[in-house]
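# quick one: sequence plus predicted model below, questions after.
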Amino acid sequence: MVSEIPDAVFDFFAAEPAGPMLTFAREASAPRESLREPLEAFLSGFTPDGVAEAQASSEFQCFAGHQPDKDRAARVWLGERFLSTEIARRRLEAIREDSSRVRPRPYALPALEDLEIDDDHLVPLSAFSFDGARLVRNEFAFLVLPTTGSPNSTYWLLAAIYDRALAERTRVRLDPFLFGPAATYPAMQYRMWIYGRPLDWDRVEALKEPDQGRWMPDSPHSRRGFTDYAWTPRNSEVHFVCEEVPDAGAISMEAARYLHAVYSRVSGSIEHFDGAVRVYSPPEIEERRTLHVRTAGKMGLREKVFVVDGATDPGVLSLVAQTFFVWNGDVQKYFSSTLSLGDTAEHGLQPAAADASVCRRG
């Protein structure tokens, strides 16, 4: 469809916390000087057949078909989608490439060079200040590694960690692309209602045999293949694992989201919990689809996104699980009492992308 993305175009939009779907059309209509030529080169690279196919799609006709210059509108339409897919693909590629580095991206930046990172590429939140959207250190702003192709997918997770006063004992993985000078880096704000209630912890505490299940997505077009969960009793502990496995056709740009928690029957608290993304190769995803998370073991390349150590109230797990698996309605329903993130019409929930605002610092 297009031969390549100019480096200036990729670098700019890969660092945008709102992502191309909210920013590309704006920049294409009034590009800053540094992007003018590379953006035009990028847009001109789409073939006439690709442009015609985009114009014929019902989605394009609904949202952009009213624009007078349909050729230009179709190229911008294609550019948004191509960039979003390629940024997600290259993020997983960067995680694979950096997995054995002592200081993977972005930890070689001067703003982070004095910061110690652990073997899982995590850094303590206590080393940063949080302004409600960004992690700021040495006049640079950073974001946590997204768990999906959407750059805002860990926005609510980070907010929940600070809201529940977990930050002092939490470590996170910073994203390899999403950073910039704090004076100019955008601070995004989104609204979403997240509902949480404790599970029946008496039932969890009394488990003698593993309790497990699998949810299939409602939409046949979902990139999510299925979601597995399991509670497994181990002496005085009960371990919880949950994994959202991507569809085999989406693994080049979507990782699996994986959550692990340890409940202590002695203290009645969560002693440890962590969330990670698992990057699968085509053979690995085919094997994973034949297994349940309880028996899948350590498949794929696992990159931890956050870790919380120390005793935590069990009810916190409900909120954290919902924010970590944001947009997964099955996890939402399992951990909440009456509604899911998909109940937008009845309960007034606003999709994040439709209710995002951006403030540029400076």
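Received, thanks.

# element containing V9?
helix 7-14 (DSSP states H and E).

# chain center to that helix: distance?
19 Å (Cα atoms, centre = their mean, to the nearest Å).

# let me know the average pLDDT across that helix.
On average, the pLDDT along helix 7-14 is 96.

# name the residues of it that are buried.
A8, V9, F10, F12, F13, A14 (16 or more other Cβ atoms under 10 Å). No exception for glycine: its C-beta is placed from N, CA and C like everyone else's.

# just put these in TSV and tack on distance to R91.
Below are the buried residues of helix 7-14 laid out as TSV (distance: Cβ to Cβ, whole Å):
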residue	distance to R91
A8	18
V9	16
F10	11
F12	15
F13	12
A14	8
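
# and the protein, what are its domains?
7-98, 104-362 (automatic domain parsing).

# what's the least confident stretch among those?
Across the domains of the chain, domain 104-362 gives the lowest mean pLDDT, at a mean of 86.

# what ranges do the strands span in the stretch 101-250 of the chain?
Secondary structure of the stretch 101-250 of the chain (DSSP state E, counting those that start in this stretch): strands at 123-124, 129-130, 135-137, 140-144, 170-172, 174-181, 187-189, 211-215, 224-234, 237-246.

# nearest to A64, of those?
Across those, A64 has its closest neighbour in strand 187-189 (23.8 Å, Cβ to Cβ).

# which strands and helices lie in contact with that closest one?
strand 357-359 (3 or more Cβ pairs under 8 Å, 6 or more residues apart in numbering; DSSP states H and E).

# now the element after the helix holding V9, going C-ward?
helix 20-29.

# can you state the direction angle for that next one and helix 7-14?
Interaxial angle of helix 20-29 relative to helix 7-14 (axes from the mean of the first three to the mean of the last three Cα atoms, to 10 degrees): 130 degrees.

# may I see the buried residues of helix 20-29?
Quick answer for helix 20-29 (16+ other Cβ under 10 Å): P20, M21, L22, T23, F24, E27, A28.

# and the next helix or strand past that helix?
Taking DSSP H and E, what comes next after helix 20-29 is helix 33-44.

# which residues does that following helix contact?
Residues outside helix 33-44 that contact it (Cβ atoms under 8 Å, 6 or more residues apart in numbering) are 2, 5-9, 12, 27-28, 31, 72, 75-76, 79.

# just the angle for it relative to helix 7-14, thanks.
Using the same axes, to 10 degrees, helix 33-44 lies at 100 degrees relative to helix 7-14.

# next helix or strand past helix 33-44?
Toward the C-terminus, helix 33-44 is succeeded by helix 48-56 as the next helix or strand (DSSP H and E).

# give me the residues contacting that next one.
M1, V2, F60, Q61, G65, K70, D71, A74, R75, W77, L78.

# just these now: which is nearest E97?
Looking across those and measuring by Cβ to Cβ, the closest to E97 is V2, at 23.2 Å.
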